[in-house]
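**Student:** here are the coordinates; sequence isn't available:
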């Protein structure tokens, strides 16, 4: 058959393992009843009643917007001015004083995709975490890019030496460095870097910037559910120490922060010490936005501004109740995992805990879990457990069950 798509693109069908397992869990619930199934697949926040969490103040705000606001185009390709201003205020919280611009995007995904496709040429390499959200690699593939990965952990802390090795290897073959770091509340391990670790990263990338331009893409999708809250945003001040040959793109997501997953709204915050670097990024990103999605959801942007301006106390109270719930769920699972001897990657906060194992054991173990009606998601070198979506009654006893199944698989 003749080729009707570009020759460079992979035509291997996409296999979305997350949604495939989600559907298997749904079918099991229908057949056996929800009480017989442990569904640890869903990467969204759920209530203790097993329903999708949707903050009342957020959606009350949306419903009270004028229909003409909901129907309107945004003010421009970069998003509404008040939205862009609120993103800076809310995300950075006064912790960085670099030159910056904001581009509204369809979710945090839009910000990540835009950076990967516009900062590297086809055939070049992007540096990614070895354990990561799978769409990073897919974005690279769709843009004809290679990937170089770094190990996330050296014991119980960030593996700075592995990051250095991956960057040095990449710089041997190209004159540009684009590095992705998903922090805080890393997906899927739940790790958050310390300030010292961030300082080590920036010091090293500054060193790299003496050889070539460097772009750091910081994906902060889960930051507003970090247990430290405002403390979790203080590391942004470390970015003020970047060199004049470096840029930072912060990918922000309303999907998580506002529990508005389907509204597809987020932002790319473009930051640098030199205003001309920010302007260069803005020019290209704005054109990319126009050429790709043209306009971001006007109602979602207006809702974000209204919530922060007029309903902030309610928003904080409702969101922090779920932060506390996440903390209860994670503490329960981790305490029981430690008691059972169930090994997991270092976890500090966030939606997921990931069990640590090689991929061969992972595949056999994943099937065995499903035979016992425990549904999880396979990631590179591990099994992701979505504590964000499980009520406490489902979390209780889960680690012990999972360890017993793991013992059987390893003994077989």
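**Tutor:** Now that the structure is in, tell me what you want to look at. The structure presented is a predicted model; accordingly, all values stated were derived computationally and were not measured.

**Student:** in this protein, which helix is the longest?
**Tutor:** helix 312-340 (DSSP state H).

**Student:** return the distance of that helix from the chain's centre.
**Tutor:** Helix 312-340 has its C-alpha centroid displaced from the chain centroid by 18 Å (C-alpha atoms, centre = their mean, to the nearest Å).

**Student:** by contact count, what packs against that helix?
**Tutor:** With contacts taken as 3 or more C-beta pairs under 8 Å, 6 or more residues apart in numbering; DSSP states H and E, helix 312-340 sits against helix 56-63, strand 352-356, helix 392-395, helix 398-411. From N, CA and C alone the C-beta is placed, and that goes for glycine too.

**Student:** would you mark the buried spots in the longest one?
**Tutor:** Which is helix 398-411. 398, 399, 401, 402, 403, 405, 406, 409 (16 or more other C-beta atoms under 10 Å).

**Student:** check what pLDDT the second one gets.
**Tutor:** Note on residue 399: pLDDT of 98.

**Student:** surely it and residue 340 touch.
**Tutor:** Yes: using C-beta atoms under 8 Å, residue 399 is in contact with residue 340, at 5.1 Å.

**Student:** ok, now how distant is residue 66 from residue 306?
**Tutor:** Residue 66 sits 11 Å away from residue 306 when distances are taken as C-beta to C-beta, to the nearest Å.

**Student:** looking at those two, which is more packed in?
**Tutor:** Comparing residue 66 with residue 306 by other C-beta atoms under 10 Å, the one with more neighbours is residue 306, at 20 against 10.

**Student:** just give the nearest non-adjacent residue to that one, would you?
**Tutor:** Among residues not flanking residue 306 along the chain, residue 61 sits closest, at 4.7 Å (C-beta to C-beta, 6 or more residues apart in numbering).

**Student:** for the buried residues of helix 398-411, which one is nearest residue 344?
**Tutor:** Closest approach to residue 344 among those (C-beta to C-beta): residue 399, at 8.9 Å.

**Student:** check contacts around that closest one.
**Tutor:** Residue 399 is in contact with 333, 336, 337, 339, 340, 342, counting by C-beta atoms under 8 Å, 6 or more residues apart in numbering.

**Student:** please indicate which of these are buried?
**Tutor:** 333, 336, 337, 340, 342.

**Student:** how about those in a markdown table, adding distance to residue 302?
**Tutor:** Output for the buried ones among the contacts of residue 399, formatted as a markdown table (distance: C-beta to C-beta, whole Å):
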| residue | distance to residue 302 |
| --- | --- |
| 333 | 38 |
| 336 | 44 |
| 337 | 43 |
| 340 | 48 |
| 342 | 45 |
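
**Student:** nearest to residue 101 among those residues?
**Tutor:** Residue 101 lies nearest to residue 333 out of these, by C-beta to C-beta, at 40.4 Å.

**Student:** that closest one reaches residue 392, doesn't it?
**Tutor:** No: applying C-beta under 8 Å, one finds residue 333 not in contact with residue 392, separated by 9.6 Å.

**Student:** packing partners of the lowest-mean-pLDDT helix or strand in the chain?
**Tutor:** Using mean pLDDT, DSSP states H and E, helix 17-32 stands out as the lowest-scoring helix or strand of the chain, at a mean of 86. If you count contacts as 3+ C-beta pairs under 8 Å, 6+ apart, helix 17-32 packs onto strand 38-39, strand 374-375, strand 377-379.
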